[in-house]
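Participant: sequence plus predicted model, see below.
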Number of protein chains: 2
Amino acid sequence: MTTANVEVESLKGEVDRLRLEVQTLQAKQGHEQVTLGHYLLTRLTQLGVKHMFGVPGDFNLGFLDLVEDHPDIDWIGNCNELNAAYAADGYARIKPNALGVVTTTFGVGELSATNGIAGAFSEMVPVLHIAGVPSTTQQKKRPLLHHTLGDGRYGAYAEVAKQITVHTAWLDNVETAPRMIDEAIIQCMTKARPVYLTLPTDFVTAEVSSERLNIPLQRVVSVNDPPTENFVVDQIEKLVREAEGDVVIIVDACVFRYDVRDEVKEFLKKTGFPVYAAPMGKTAIDEDYERYGGIYVGSITDPEIKENVEKAKLIISVGGVQSDFNSGMFTYGFPTSRHVELHSTHTHIQYAAYPGVGFKHLLPKLTERLQSYYDLGSKIPVIPYKAKIPAEETDVITQRYFWPRIGSFFKPNDVIVTETGTANFGILDVPLPPKTLLVSQIFWGSIGWSVGATLGVALAARDLGLGRVVLFVGDGSMQLTVQEISPMIRLGLKPIIFLLNNNGYVIERTIHGKHRKYNDIADWKWTQLLDTLGDRETETKSFKVTNQAELESLLQDAAFLDSDCTTLVEVIMDRLDAPRLLADGVAINKRAARAATGKVDDD
Amino acid sequence: MTTANVEVESLKGEVDRLRLEVQTLQAKQGHEQVTLGHYLLTRLTQLGVKHMFGVPGDFNLGFLDLVEDHPDIDWIGNCNELNAAYAADGYARIKPNALGVVTTTFGVGELSATNGIAGAFSEMVPVLHIAGVPSTTQQKKRPLLHHTLGDGRYGAYAEVAKQITVHTAWLDNVETAPRMIDEAIIQCMTKARPVYLTLPTDFVTAEVSSERLNIPLQRVVSVNDPPTENFVVDQIEKLVREAEGDVVIIVDACVFRYDVRDEVKEFLKKTGFPVYAAPMGKTAIDEDYERYGGIYVGSITDPEIKENVEKAKLIISVGGVQSDFNSGMFTYGFPTSRHVELHSTHTHIQYAAYPGVGFKHLLPKLTERLQSYYDLGSKIPVIPYKAKIPAEETDVITQRYFWPRIGSFFKPNDVIVTETGTANFGILDVPLPPKTLLVSQIFWGSIGWSVGATLGVALAARDLGLGRVVLFVGDGSMQLTVQEISPMIRLGLKPIIFLLNNNGYVIERTIHGKHRKYNDIADWKWTQLLDTLGDRETETKSFKVTNQAELESLLQDAAFLDSDCTTLVEVIMDRLDAPRLLADGVAINKRAARAATGKVDDD
């Protein structure tokens, strides 16, 4: 977007918010009434929400009637609430400017979702958690209902939610409920973090004015304070000038999360600067872009890429999340004096912080100011980012072989989901085709997440007409959330699941306990899993590859390539084999621990 | 136990506690050192803990080394943390005076267990939750580690734990850590509620004195204040006298939870009073006991039983939990003026409360005082509690037929686990053989609990040499936690799982949404489930019965009856059929809602 466009959007948002404020104050009478349940669903559909996730329970059944009867929303019944939260998270990551919505029941349901909601907080994903709770009468009398703690603390679960959300809305007054719902949704979208909303059973059909619904909600991105913003642009230009245009850009997670992919692309196109991605920023920029050089992850970066990034006189990172695994264990190889960081709500220039200067409005201004550096910027060499398939003497499917090889399987528009085990690291060495999306949870790192998330990703991808959904997950992680394959099959979704069978928790074995039994798991019959968990009438396909020749053959096999149903490929790998980036990252941590404690972790 | 024995036990406990206090104050030097990890494990083994549950994660791997190497503790690797918490809960319910222990990793792991821990709180089960957390150095510097929320709040998960535990111990000082561990364990056992304990990675191998370990820990049951206790005994005797010995006893959940089964049995034997059980108290008294009359559950009680309970001039309930489903939706049919309630920490006599007068010490004194009423008490008629198999014209396996019929399958010493769907209600009409235990989660009511719990129950039952473990679970509930069957098979456990296949959430359909799609689920191929999730070499057996004739035949089938491995029986039932007690309970709620709101829930 151009500067003017972005400002216009912001101003429109401000106008809408003020109109809603006026609505609240006027408390008009005499217009159309709708039930509060419908009010909430209308707000969600206005934002493009077409699927809601969750599990029925007796405190949400009345609301689910409305959901089931709604013409524009499909209820997705998950197998459990943690998986439902993961699915809502996956859905939100794919749908631009929408929300993921998970509905649970009081106590037992909502608490089961805790880890999924916390993950959405950590990874900055807008998930709205609607908890069906007892009626307002019951909340006052606090009887010994099932799903309570037995001591009358009906508010305890909301206290849990406060720790892992940016906003909690406890509805207890029908008059103020529409305003509280609006505020909850705006907070969720704007901050890109989860929000908790309670819906008492008696409020579902309570009537409220529909007037506010005429003004749709949207993410609110405040305009930066003009003098501060100008100062920041000046400062950055000064550094670019001093660097004689020798600048590289690193894109990271928040480019996705706070919706600045267009602004970043425009900035790159106009300035010509080379661009790299942190692991969590992979596919924020199409990986076939001519000025794109691959993945930067601190000291464990591929040596050629590392040199090209770190020798730049100025590094501008956009939307950075310098968490351990996303930064090569905190080993960025350039000083703060050569670093500018653009974030959603603030900017860092060398050692100075500029709170309140967010990148959504700043980026178009930087583009305008720095486009004069195009001639310099576009001449900085970038080594094309290509997969390197090793010549190996073995026929075993090694991690080193598998990832580059699987790269050629991908097509434009595919959505690729990787699990927090070896897959998150393996995929980093694979250049992906243009318009693909990589979805992973590198920061929060909850094993099992990818299976639930894939359900949400697949539904969002279908809504948007994207390509195939391809999941890479280890056998250990799959066991945590395996039942969520069932709704995929039932709903006719067609993900391709690569089940990396290495007999246990390889990420843990790499970290510690290489030969420990606690890292072993049961050896399931993976190729009969889909058939067991599928609806009886729905077709599924399963394959197994035990060596390179079989994998090569599968990747040519029409039965596999034309598969039009949920598909699983069991890939047999060695129980101690780990991708390079995982092994290198762990080695850094072990060296650091040895330096700090003098103890050697040789297990 | 006699009065004298109970007092002696209490005094011994008091002496031990004082010795530990002296230990703390003396802070002796020069004796044997052990690692803090060993200290904790020694404390657990002293209490009879032989199995610990959980999932490995990089913040607990060091501790798991010690667990795996410990000669007296087996590490049970669960498929996920919610299931692990359920397993620890099931284990604690069976092992007398021990704990259930679940070990998770920082953030992702511990938060996944939230609902399981909250359930243990609600249902009063002593579960110790050990969370492996970052090193104390990392806790001070608070880097952007994986599994954190991204804003440096390393303490957020402990805040979550505070809402659902009776005690949280955040270890941050090696010196005080042994005392804090002891306090955590004592609180867990004494209050029979979950406790949260953090174990920083650097503390696992930190050395501490082993001196305190010479004094084992135990549940602390304070002696009642003698004058108050005497007054209470006098008051109760006065009411018994006025009632001319026309007294009935109702046993309930806390008879199990606070370990007074022996005291209650002695009381019943010496007084001859008839005894009934609330649903959560079922099997606290052997159901073949000649003075036992069956289940009392308010207005939905079998009419003959109801009359016999409610016409008594005095009702003494022991360890009562008058929650909705456990009390027939709050419909106890006698006035407070005829009711005495004995609880673990207090006593109610008519309208008067006596805080601090707990039943452990009170019961032996009541036995002494009231044994003179034996001649009156033992003459009050009790109708023998027998199963009534209906003569039905159908061959369908109805709920009305199934439960009484399955009753004759049980044997003494069996442990029966029922899930929070129809099974919890169906089992109430089935008299169980002596020395059986019924395990259920009627108050918290989290669907899926029974599958995880069965793993823990089966291990505890094996430790104690109990009989078969038999689980009844619906298809809807099973889908939440299905993977936990895998460790059962892997560990060579032999539960018999009756999978009640009625195509969805029948308990929800009974409450609301009879024909709603949101109460439907995928139709799995249940009879191939065990084979899919089992270790490749381990045998399992699966059966399917679709009508009464097939069930009758199965119950005579040697292949089934002699099954010596994990066994599943799929029982086909109608999608709208619910046990009488469930249907009646729900009907009460609907009538109450109609009376309060004027609205009819006819769905």
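Facilitator: Great, that's in hand.
Participant: going by C-alpha atoms from here, please, whenever you check contacts or count neighbours.
Facilitator: OK.
Participant: residue contacts, A:Phe267?
Facilitator: Remark: with contacts taken as Cα atoms under 8 Å, 6 or more residues apart in numbering or on different chains, A:Phe267 is in contact with A:363-364, A:366-367, A:371.
Participant: right, I mislabeled it, should have said A:Val174
Facilitator: By Cα under 8 Å, 6+ apart, A:Val174 lies in contact with A:36, A:203, A:206-208.
Participant: can you give me the helices in the stretch 351-500 of chain A?
Facilitator: Counting by DSSP state H, counting those that start in this stretch, the stretch 351-500 of chain A has these helices, from start to end: A:359-370, A:374-377, A:399-407, A:422-426, A:449-464, A:475-481, A:485-490.
Participant: average pLDDT for the third one?
Facilitator: In this model, helix A:399-407 carries a mean pLDDT of 95.
Participant: hmm, who's touching it?
Facilitator: A:387-390, A:392, A:426-427, A:429-432, A:573, A:577-580.
Participant: and if you look at the shortest one?
Facilitator: Residues outside helix A:374-377 that contact it (Cα under 8 Å, 6+ apart) are A:244-247, A:270-274.
Participant: distance to B:Gln556 added to the helices of the stretch 351-500 of chain A, as TSV?
Facilitator: TSV is the format used below for those (distance: least, Cα to Cα, whole Å):
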stretch	distance to B:Gln556
helix A:359-370	73
helix A:374-377	83
helix A:399-407	53
helix A:422-426	50
helix A:449-464	42
helix A:475-481	36
helix A:485-490	34
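Participant: turn the ones you listed into a markdown table, including mean neighbour count.
Facilitator: Shown next, in a markdown table, are the helices of the stretch 351-500 of chain A (neighbours: other Cα atoms under 10 Å in any protein chain shown):
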| stretch | mean neighbour count |
| --- | --- |
| helix A:359-370 | 22 |
| helix A:374-377 | 17 |
| helix A:399-407 | 20 |
| helix A:422-426 | 24 |
| helix A:449-464 | 26 |
| helix A:475-481 | 25 |
| helix A:485-490 | 23 |
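Participant: that older thread, among the contacts of A:Val174, which pair sits farthest apart?
Facilitator: Based on Cα to Cα, the longest span within the contacts of A:Val174 runs between A:Phe203 and A:Val208 and measures 9.8 Å.
Participant: find the residues that touch each one of those two.
Facilitator: What both A:Phe203 and A:Val208 touch, as defined by Cα under 8 Å, 6+ apart, is the set A:36, A:174.
Participant: so where's chain A uncertain?
Facilitator: In the predicted model, chain A carries pLDDT under 70 at residues A:1-6, A:23-30, A:600-603.
Participant: what residue spans form the domains of it?
Facilitator: A:17-214, A:226-377, A:399-585 (automatic domain parsing).
Participant: wait, which of those is closest to B:Ala113?
Facilitator: Closest of those to B:Ala113 is domain A:17-214, at 7.5 Å (criterion: Cα to Cα).
Participant: do a quick rundown of the helices in the stretch 151-300 of chain A.
Facilitator: A:156-164, A:177-191, A:226-242, A:253-257, A:261-271.
Participant: which one of the ones you listed is the most hemmed in?
Facilitator: helix A:253-257 (a mean of 24; mean count of other Cα atoms under 10 Å in any protein chain shown).
Participant: which outside residues touch that helix?
Facilitator: Residues from elsewhere that reach helix A:253-257 (Cα under 8 Å, 6+ apart): A:93, A:124-125, A:192, A:261, A:264, A:278, A:280-281, A:284, A:318-321, A:343-344.
Participant: and which of the contacts of helix A:399-407 is nearest to chain B?
Facilitator: Nearest to chain B, judged by Cα to the nearest Cα, of the contacts of helix A:399-407 is A:Ala578 at 15.7 Å.
Participant: A helix includes that closest one, no?
Facilitator: No: counting by DSSP: H, G, I helix; E, B strand; the rest coil, A:Ala578 is not part of a helix but coil.
Participant: flag every residue of the stretch 501-603 of chain A that's near chain B.
Facilitator: Residues of the stretch 501-603 of chain A lying near chain B by Cα under 8 Å from any Cα of the partner chain: A:508, A:511-513, A:516-519, A:521-526, A:528-529, A:531-536.
Participant: filter the residues you listed down to the buried ones and hand me the PyMOL line.
Facilitator: Selecting the buried subset of these in PyMOL, with 16 or more other Cα atoms under 10 Å in any protein chain shown as the burial test, is done by:
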select buried, chain A and resi 508+511+512+513+516+518+519+521+522+523+524+525+526+528+529+531+532+533+534+535
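Participant: out of the residues of the stretch 501-603 of chain A next to chain B, which sit inside helices?
Facilitator: A:508, A:511, A:529, A:531-533 (DSSP state H).
Participant: same list (those) but as TSV, adding distance to A:Ile406.
Facilitator: Shown next, in TSV, are these (distance: Cα to Cα, whole Å):
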residue	distance to A:Ile406
A:Glu508	24
A:Ile511	25
A:Leu529	23
A:Asp531	25
A:Thr532	27
A:Leu533	27
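Participant: how about the contacts of A:Phe267 in TSV, adding distance to chain B?
Facilitator: What follows is the contacts of A:Phe267, written out as TSV (distance: Cα to the nearest Cα, whole Å):
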residue	distance to chain B
A:Leu363	24
A:Pro364	27
A:Leu366	27
A:Thr367	29
A:Gln371	34
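Participant: of the contacts of helix A:399-407 - the most surrounded one?
Facilitator: Most neighbours among the contacts of helix A:399-407, by other Cα atoms under 10 Å in any protein chain shown: A:Leu432, with 28 neighbours.
Participant: distance of the residue nearest the centre of chain A relative to A:Gln441?
Facilitator: Nearest to the mean C-alpha position of chain A, by Cα atoms, centre = their mean, lies A:Arg93 at 4.6 Å. As defined by Cα to Cα, to the nearest Å, A:Arg93 lies at a distance of 11 Å from A:Gln441.
Participant: my hunch is that A:Val34 is in a strand, does that hold up?
Facilitator: Yes: according to three-state DSSP, A:Val34 belongs to a strand.
Participant: how many residues are close by it?
Facilitator: Residue neighbour count, defined by other Cα under 10 Å, stands at 15 for A:Val34.
Participant: what separates it from chain B, distance-wise?
Facilitator: Separation of A:Val34 from chain B (Cα to the nearest Cα, to the nearest Å): 18 Å.
Participant: what bridges to that residue?
Facilitator: Per DSSP bridges, the residues bridged to A:Val34 are A:Val208.
Participant: contact partners for A:Ala113?
Facilitator: Contact analysis of A:Ala113 by Cα under 8 Å, 6+ apart lists A:81-85, B:112.
Participant: now the closest residue to it other than its chain neighbours, what's its secondary structure?
Facilitator: Spatial nearest neighbour of A:Ala113, chain neighbours left out: A:Leu82 (4.3 Å); criterion: Cα to Cα, 6 or more residues apart in numbering or on different chains. Three-state call for A:Leu82 (three-state DSSP): helix.
Participant: list the contacts of A:Leu82.
Facilitator: By Cα under 8 Å, 6+ apart, the contact list for A:Leu82 reads A:112-116, B:112.
Participant: closest to A:Asp288 out of these?
Facilitator: Out of the contacts of A:Leu82, the member with the shortest distance to A:Asp288 (by Cα to Cα) is A:Gly116, at 33.1 Å.
Participant: wait, what's in contact with the closest residue to A:Cys79 other than its chain neighbours?
Facilitator: Among residues not flanking A:Cys79 along the chain, B:Leu480 sits closest, at 5.2 Å (Cα to Cα, 6+ apart). Contact analysis of B:Leu480 by Cα under 8 Å, 6+ apart lists A:79-80, A:483, B:447-448.
Participant: state the pair within those that is farthest apart.
Facilitator: Between any two of the contacts of B:Leu480 (Cα to Cα), the greatest distance is 14.7 Å, for A:Gln483 and B:Ile447.
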